[in-house]
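Q: sequence and predicted model, in that order:
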Number of protein chains: 2
Amino acid sequence: MPRWKPDAAERLQTAALELFDQQGFERTTVAEIVARAELTQRTFFNHFADKREVLFRLSSVLQEEIVREIAAGDEASPLDAVVRALEVVADRMFENQRAVVARRYAVIAANPELLERELGKNAALTEAIADALHARCGDPETAFLAAGAAMLAQQAAFRQWTRPGETRTLRDLLSDAVRSLRMTVG
Amino acid sequence: MPRWKPDAAERLQTAALELFDQQGFERTTVAEIVARAELTQRTFFNHFADKREVLFRLSSVLQEEIVREIAAGDEASPLDAVVRALEVVADRMFENQRAVVARRYAVIAANPELLERELGKNAALTEAIADALHARCGDPETAFLAAGAAMLAQQAAFRQWTRPGETRTLRDLLSDAVRSLRMTVG
């Protein structure tokens, strides 16, 4: 990313989300996105393969951060290890982005193809978390179940956090969801 | 389905899975599938919108059966209610189909687009289960978490059940997975 435009990807994302929200994902062109962001198509394609990728900009960063946090932790319980990692990442990457995340979800939920893509990214993230846990705790089935359980709690927390009028932090909602999951499963 | 060909959909599915397995999903045509099944294209399109749908033939039946079982049960715990429904359906729909299910999984795992589609179907099934539980137990978050937890155990059980050399029943592996999940989350 050139020094004099440090926020190009973020500006493109903001412009894209506004347009997807207003006129739909299908009907929005890259030309319209770059016009709104006051950038060029060339800059767009330096950052993204296509307009769909704008929505998944943070997926690989998110995965790297979570995996690093898991590897750095020392919790005895695999589920606790993932939950702590998700809490750290919630504060660092999401807490000040509630409106953007809510808008992104609305766009994805309205388009079955985008929703399938999102589910694919989440499944890949779950596998990456399971691998990171497996490297720490040894048993692959426990790692898979702990990763899946943590992602389930995360999903419940995100749903609530992006609801209109919700003011609790994502971290707090994640703790609540883990507590509810323990009661539901236990 | 005409009386004199009661198993057309199943024959088409078997032929399609063999071809997908041998030569890949992308390279297999509907013409090849109907030739192997000794049926016509017309019959194929009476049953399926396209070749992808052959892989998802049982998804809607599966959803109906599980939802009906949940509605018919009287377990106090939402998780137990889903698990019992999944056990009944495991016996009824899957137990004598291990080779077909394993082959289907191999085809889907080899193709990212099919995998996303499968994840979409699973997400829809999870929502349908949550709705059925919600109708019984009242609290939407508990219903969502119980549905997701049961589907997670189901996924772990299917993974193991389709492994080469595995001989335990899907029902038994599902019970084992639920026990492991309780230990992992509890």
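A: Alright, I've got the coordinates. What you see is a predicted model, and the numbers here were worked out from it, not measured in a lab.
Q: how near is residue A:161 to chain B?
A: Here the criterion is CB to the nearest CB, to the nearest Å. By it, residue A:161 lies 13 Å from chain B. Just so you know, the C-beta spots here come from the backbone N, C-alpha and C atoms, and that holds for glycine as well.
Q: run the chain-centre distance for the helix or strand harbouring residue A:108.
A: Assigned by DSSP states H and E, residue A:108 falls within helix A:98-109. When C-alpha coordinates are averaged (CA atoms, centre = their mean, to the nearest Å), helix A:98-109 and its chain have centres 11 Å apart.
Q: and that helix, which residues are buried?
A: Taking 16 or more other CB atoms under 10 Å in any protein chain shown as the neighbour-count basis, helix A:98-109 is seen to contain the buried residues A:101-105, A:107-108.
Q: same list (those) but as a markdown table, adding distance to chain B and pLDDT.
A: Shown next, in a markdown table, are the buried residues of helix A:98-109 (distance: CB to the nearest CB, whole Å; pLDDT from 0 to 100):
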| residue | distance to chain B | pLDDT |
| --- | --- | --- |
| A:101 | 18 | 93 |
| A:102 | 18 | 93 |
| A:103 | 21 | 92 |
| A:104 | 17 | 93 |
| A:105 | 14 | 93 |
| A:107 | 16 | 94 |
| A:108 | 12 | 95 |
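Q: give me the most central residue, chain A.
A: Averaging the C-alpha coordinates of chain A gives a centre point, and the residue nearest to it by CA atoms, centre = their mean is residue A:59 (5.7 Å).
Q: show me the contacts for it.
A: Contacts for residue A:59 were tallied using CB atoms under 8 Å, 6 or more residues apart in numbering or on different chains; they are A:121, A:125.
Q: let's see that with 10 Å instead.
A: Contacts for residue A:59 were tallied using CB atoms under 10 Å, 6 or more residues apart in numbering or on different chains; they are A:53, A:117-118, A:120-122, A:124-125.
Q: swap in residue A:79?
A: A:133, A:142, A:145-147, A:149-150, A:153, A:178, A:181-182, B:184-186.
Q: between those, which is closest to residue B:8?
A: The shortest approach to residue B:8 among these belongs to residue A:145, at 39.7 Å (CB to CB).
Q: and that closest one, how far from chain B?
A: In terms of CB to the nearest CB, residue A:145 sits 5 Å off from chain B.
Q: assign a three-state SS to residue A:25, would you?
A: The three-state assignment at residue A:25 reads coil, by DSSP: H, G, I helix; E, B strand; the rest coil.
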